[in-house]
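# how does the following fold in three dimensions:
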Amino acid sequence: MLMKINWGHKILGFYLVFVAGIVYMVVLSSQQKVDLVTADYYGEEIRYQDRIDESGRASALSAPIQYSIAQGLLTITFPKEFEGKKISGEVQLYCPSDDKKDIHRNIEVSDNTMKVTLPEINKGAHILKVKWKADGPAYYFEKNIFIQ
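As a prediction, the model looks like this:
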């Protein structure tokens with residue numbers, strides 16, 4: 001004997017499949033890793049106007065920061081205005097996809113250049129962030145880069 005499926009059974013089946021799909025999506029999204037850009041995200045947001053001012057000062061220099069990546073080494077060259085000056089600050093390579101690949105280094109300049117050794121695992125998209133001071137105001141440089 002063949003059982004007939006009426007509209008009530010079809011609606012119930014559709015509803016159960018929909019609920020199962022929603023439950024699956026909730027479980028899947030709860031297992032997703034979420035990293036903030038920085039642990040002090042909200043404090044950084046408040047200081048964002050300072051970053052805009054620092055970027056403006058960096059744009060007004062005779063030349064932007066030059067960088068190159070070769071054989072696992074990131075070389076950063078500061079503009080001529082900073083030759084012979086004591087430069088202090090921080091270089092950050094921020095990896096948006098994995099915070100374990102982030103690199104933070106204090107600036108140590110020799111002949112107006114700084115070299116950062118890149119671990120082999122640091123391949124992919126990064127954001128190079130350089131914040132420095134030399135005899136006065138602070139400067140900020142940011143560039144999206146891809147490490148191969």
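# and the chain, what are its domains?
Following automatic domain parsing, the chain resolves into domains at 1-32, 41-147.
# and among these, the most buried is which?
domain 41-147 (a mean of 14; mean count of other Cβ atoms under 10 Å). Bear in mind the C-beta positions are built from the backbone N, C-alpha and C, glycine included.
# just to revisit the earlier point, turn the domains of the chain into CSV, columns for mean pLDDT.
Below are the domains of the chain laid out as CSV (pLDDT from 0 to 100):
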stretch, mean pLDDT
domain 1-32, 90
domain 41-147, 88
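# ok, residue 61 touching residue 140?
No: assessed by Cβ atoms under 8 Å, residue 61 is found out of contact with residue 140, at 11.5 Å.
# now do the shared contacts for these two.
Here residue 61 and residue 140 have no joint contacts, going by Cβ atoms under 8 Å, 6 or more residues apart in numbering.
# specify the local secondary structure of residue 97.
coil (DSSP: H, G, I helix; E, B strand; the rest coil).
# so what's it up against?
124-125.
# after the helix of greatest length in the chain, next one along is what?
The longest helix of the chain (DSSP state H) is helix 7-30. Scanning forward in sequence from helix 7-30 by DSSP states H and E, the next helix or strand is helix 41-46.
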